Every structure is written in structure tokens, then in C-alpha cells.
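J.: this one's sequence-less:
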């Protein structure tokens, strides 16, 4: 079941993130395994009112077995409490989503700031970029059995690749150099050979920096050389 975020872009609206932060759609695009058991009870002591696997739920369940908040949520098409009142909106994080500087062959996201729930995961941010930019996988990158464009992308913050299941709140806390200004970059995943080559280049640069830092600058000439120069 997919649910649109209340502040998401709607059909017919101008896509102008320069005027106000745009809301990233946090639709639930995943499904639970069919053997997951759903248990509804009024307490830990009483017998369950309902106990079924997801594959067994067919719509014939008695409404009396379902909690009031669930019925109100289904009727009103927004998260609600037992009285039918809307739930308080989840805290959000503002961030910039840009093309990685090394991927000049990719389309660039329109300049502007995005807003999304802080529990939004990196994979969903990539899915947003795919949808917004209509990204297609280059022919030379196609892998057998892998169809989703998101599987060919990765998200980075600073110089570090972000795990796809990490949420924005964790990224801002542990990856961002400046917590007040979160910037994320999307790019095509590198092949293992490219990753190894990049690691070797980084190690080579680090060795050069350490070597140049340890080398003394403006070293005075040795006394023996000075005496030799004066006698000749």
C-alpha cells in the first residue's frame, strides 16, 4: 500500500524548489513478507482478537477486531488516532541533493532545498532522484537480473558512501561535516575495479602528502660544503 506525503508535489503544480523547500514523497514502497503474522489484541493477557498471516487476510475480517485508529486511518486516508484526529507530522530535515562532481554524464537536480521526514532512508532519496530526473542505466552498466535503476546508484555525504538503509537523521549526525547544512550527492555505483583504483589513488596521494610534510623546507647547506666553496 502506498501513501502520499501530505506536503508532496501534486500533479499540475509548478516544480520550483527555489521559492520554497520541496517535499520528498515518503510513500511506503515496500511489502511485508506474506508469512508475516498480524496479531491484534486488547492486552498482553487476553486472547488475540485477530491472528492471521498477511497472505490469509482477505477482507472478511470483522471490523470489531480492528483498532479504532486503523479504521479512522483507512477511512480518512491519513494517519489518525483513536478519535480520528490527524497525527502530529513527523520531524523533517532540509537537505541539498546534487549530482556528484565526478558524474558529469548524469542530469543535475534543480537547485534548491528539499524537505523530508528525518526517518527517510537513503534508498528512498535515490528513488526520488530517479523519478525526478527520469534516470536510465547506461547500456554498459546493465547487469543480468537487475532492473531497478536505484540498484545502480549510490548516495554519498562528503567523501563517504552512505548505506542505502540509513536514514537522514543518522546521516546528518555521523556523516555530515556541517550538521546545519546537509548535502547529499547521487552517482552511479563504481565497479570493484574502479573502487580499487580509486583507493590506490587515494593512498598514493596520502603518501605524497605525508612525504612532503616530513621533508624540511629551506634546509641550510652543510658546513663541509661551505668550506669547500670558500677554498675554491
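T.: Arrived safely. What you see is a predicted model; the values in this text were computed from it and never measured.

J.: where are the low-confidence patches of this structure?
T.: 1-23, 25-32, 43-44, 191-199, 202, 215-232 (pLDDT under 70).

J.: now do the helices in it.
T.: 68-76, 122-133, 168-174, 192-214, 223-231 (DSSP state H).

J.: dump those to a markdown table, plus distance to residue 153.
T.: Glycine gets a C-beta too; all of them are placed from N, C-alpha and C. Putting the helices of the chain into a markdown table (distance: least, Cβ to Cβ, whole Å) gives the following:
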| stretch | distance to residue 153 |
| --- | --- |
| helix 68-76 | 32 |
| helix 122-133 | 5 |
| helix 168-174 | 16 |
| helix 192-214 | 15 |
| helix 223-231 | 60 |
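
J.: deepest of those helices, which one?
T.: helix 122-133 (a mean of 21; mean count of other Cβ atoms under 10 Å).

J.: elements contacting that helix?
T.: Helix 122-133 sits against strand 92-99, strand 153-157, helix 168-174, strand 182-188, with contacts defined as 3 or more Cβ pairs under 8 Å, 6 or more residues apart in numbering; DSSP states H and E.

J.: now the ones you listed as CSV including distance to residue 119?
T.: Output for those, formatted as CSV (distance: least, Cβ to Cβ, whole Å):
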stretch, distance to residue 119
strand 92-99, 9
strand 153-157, 16
helix 168-174, 7
strand 182-188, 15
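
J.: out of the ones you listed, which is closest to residue 73?
T.: Closest to residue 73 of these, according to Cβ to Cβ: strand 92-99, at 20.5 Å.

J.: which residues touch the residue nearest the centre of the chain?
T.: Nearest to the geometric centre of the chain sits residue 122, at 1.4 Å (Cα atoms, centre = their mean). Taking Cβ atoms under 8 Å, 6 or more residues apart in numbering as the contact definition, residue 122 lies against 155, 162-168, 171, 184.

J.: again, 6 Å this time
T.: Residue 122 sits next to 155, 162, 164, 166 when contact means Cβ atoms under 6 Å, 6 or more residues apart in numbering.
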